[in-house]
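Chemist: Sequence plus the predicted model coming up.
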Amino acid sequence: MAAQPKVLIVKPTEQVPYRVVGETISCIINADLTGSYEVFLQTSPEGGGPPPHFHEWDEAYYMLEGCLEVTADGQTRTVLPGEFLHVPHGVVHSFRAAKGGAKFISINSKGGAAKFFEDMDRELAGEMDIPKILAVAARHNVQVPPPPAVQ
């Protein structure tokens with residue numbers, strides 16, 4: 001029989017910040033503690049955000065400050081403070097923080113992202129080394145499709 005999850009309070013001093021492709025992503029709580037989902041506080045500078053990618057967990061964003069331009073399933077949407085956006089697993093998506101940057105909560109439906117972000121921070125130390133980024137992503141089953149062919 002599996003252990004019953006515990007009621008938890010995570011203090012700000014217990015949250016772990018990671019440097020990932022120009023963003024600061026603080027792990028508020030990971031799936032090792034919840035048994036299922038993960039929650040992050042993301043701060044993205046103007047123009048910051050990941051390349052198009054997909055993974056095996058659902059992901060959602062709740063905007064606190066600024067604006068995100070989120071492209072998912074080939075459609076770009078603007079997400080403003082107080083708005084919530086859900087991206088199902090397997091859907092190719094990316095985002096860019098608009099002028100002034102963005103601050104938002106991201107929620108993932110299952111474990112995986114926290115370990116991915118931890119490895120990105122440890123192995124890249126904030127660098128934009130594309131081959132290393134792709135290698136870490138592949139180890140965590142985060143897929144980065146090739147860019148579309150130029151015609």
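Modeler: That came through, no problem.

Chemist: all contacts plus neighbour counts: C-alpha atoms, from now on.
Modeler: OK.

Chemist: Pull the residues that contact the helix or strand encompassing residue 19.
Modeler: Assessed by DSSP states H and E, residue 19 sits inside strand 16-20. With contacts defined as CA atoms under 8 Å, 6 or more residues apart in numbering, strand 16-20 is touched by 24-28, 117-118, 120-121, 125-126.

Chemist: avg pLDDT for it?
Modeler: For strand 16-20, the mean pLDDT works out to 91.

Chemist: Paired strands for that strand, with orientation please.
Modeler: Take DSSP bridges as the rule and strand 16-20 pairs in its sheet with strand 23-29 (antiparallel).

Chemist: helices or strands up against the longest helix anywhere in the chain?
Modeler: Scanning the chain for the longest helix, with DSSP state H as the assignment, gives helix 113-124. In terms of contacts (3 or more CA pairs under 8 Å, 6 or more residues apart in numbering; DSSP states H and E), helix 113-124 is packed against strand 16-20, helix 130-139.

Chemist: now residue 137: how far from residue 94?
Modeler: 14 Å (CA to CA, to the nearest Å).

Chemist: Tell me, what's the model's pLDDT at residue 4?
Modeler: Taking residue 4 on its own, its pLDDT is 63.

Chemist: hmm, I was thinking of residue 46
Modeler: Per the predicted model, pLDDT is 96 at residue 46.

Chemist: tally of neighbours for the closest residue to it other than its chain neighbours?
Modeler: Distance criterion CA to CA, 6 or more residues apart in numbering; nearest residue to residue 46, sequence neighbours excluded, is residue 101 at 4.0 Å. Burial of residue 101 is recorded as 19 neighbouring residues (other CA atoms under 10 Å).
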